[in-house]
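1. Quick one, structure for this:
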Amino acid sequence: MMNEHWKKSTYSNGSGGECVEARATTQGATVRDTQHRHLAELHLPYGEWNALLNALRTR
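-> Here you go, the predicted model:
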């Protein structure tokens, strides 16, 4: 792992439980649900991570 520290999205609703966290990895990024951290993580290579960020910025 490149970054041990998870960062919560600034768009996450603090009281509604609809939060995601992400962290940089040596191959791209990893994303998880803050309410169900133990269930799964989504691993994205750089290309897909950048495409996701660009798509979210244009919303």
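2. Show me the contact partners of the lowest-mean-pLDDT helix or strand in the chain.
-> Taking all helices and strands of the chain together, the one with the lowest average confidence (mean pLDDT, DSSP states H and E) is strand 7-8, at a mean of 86. Applying CB atoms under 8 Å, 6 or more residues apart in numbering, the set of residues contacting strand 7-8 from outside is 19-23, 34. The way it works is simple: take the backbone N, C-alpha and C, and place the C-beta from them, glycine included.
3. what's the farthest-apart pair in those?
-> C19 and R23 (14.0 Å; CB to CB).
4. related to what we said a few turns ago, out of the contacts of strand 7-8, which sit inside strands?
-> Assignment to strands by DSSP state E places the following of the contacts of strand 7-8 there: 20-23.
5. Most neighbours among these, which one?
-> Neighbours here are counted as other CB atoms under 10 Å. On that basis the top member of those is A22, with 20 neighbours.
6. Now that residue: closest residue in space, sequence neighbours ignored.
-> Using CB to CB, 6 or more residues apart in numbering and skipping residues adjacent in sequence, the residue nearest A22 is V31, 4.8 Å away.
7. How many neighbouring residues does that neighbour have?
-> By other CB under 10 Å, 17 other residues sit near V31.
8. repeat for T30
-> Other residues near T30 come to 19 when the count uses other CB under 10 Å.
9. Check the secondary structure at W49 for me.
-> Reducing the assignment to helix, strand or coil with DSSP: H, G, I helix; E, B strand; the rest coil, the entry for W49 is helix.
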